[in-house]
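Novice: the following block contains a protein sequence and its predicted model.
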Amino acid sequence: MENILLILNIVFAIILVLLVLMQKSEGGALGIGVSQESFMFSRSAGNFMTKATAVIATLFIICSLALTIVSREELAPTGSVLDIVDEKTEDMPSIPENNN
């Protein structure tokens, strides 16, 4: 089950990247390069791409959450990292006080 979710997550990620890269830049952030005529004609194509991107992004997030829930059993807490450091410092030999 975990492998299937992992493969689906990778596929959704690739599709999401491709959909974002295929979208036409509107240049709305800078306010240059967009006329009303080109905006009116590209609206239907933009709507489809926007909706497809939203659907794939939602599926990607759901798949990521499902993958986290499925693999949660393997991530049981084993202890603190500080406990391991304390154990290692106790095993170290002590430094002599007089180095003469």
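Specialist: That came through fine.
Novice: which ones are touching the residue lying closest to Met22 once chain neighbours are set aside?
Specialist: Once flanking residues are discounted, Met22 sits nearest to Met49: 6.7 Å by Cβ to Cβ, 6 or more residues apart in numbering. Using the backbone N, CA and C atoms, a C-beta is placed for each residue, glycine as well. Applying Cβ atoms under 8 Å, 6 or more residues apart in numbering to Met49 gives the contacts Leu19, Met22, Gln23.
Novice: tell me which element Met49 is part of?
Specialist: Assigned by DSSP states H and E, Met49 belongs to helix 43-70.
Novice: now do Ser94
Specialist: If you go by DSSP H and E, Ser94 is not part of any helix or strand.
Novice: pull the number of nearby residues for it.
Specialist: 5 (other Cβ atoms under 10 Å).
Novice: so how far is Ile62 from Val70?
Specialist: Val70 sits 12 Å away from Ile62, going by Cβ to Cβ, to the nearest Å.
Novice: quick one: mean pLDDT for stretch 21-37?
Specialist: Stretch 21-37 comes out with an average pLDDT of 61.
Novice: next, the closest residue to Thr50 other than its chain neighbours: phi, psi?
Specialist: Spatial nearest neighbour of Thr50, chain neighbours left out: Gln23 (7.6 Å); criterion: Cβ to Cβ, 6+ apart. Main-chain torsions, Gln23, degrees, to the nearest 10: phi -70, psi 140.
Novice: likewise for Leu6?
Specialist: As for Leu6, its main-chain torsions (degrees, to the nearest 10) stand at phi -70, psi -40.
Novice: could you tell me how many residues sit around it?
Specialist: Leu6 has 14 nearby residues by other Cβ under 10 Å.
Novice: how near is it to Glu97?
Specialist: On the measure of Cβ to Cβ, Leu6 and Glu97 end up 56 Å apart.
Novice: re earlier: so the residue nearest to Thr50 sits against Thr53, correct?
Specialist: Yes - if you go by Cβ atoms under 8 Å, Gln23 and Thr53 touch, sitting 7.1 Å apart.
Novice: neighbour count for the two, which is higher?
Specialist: Thr53 (17 against 14).
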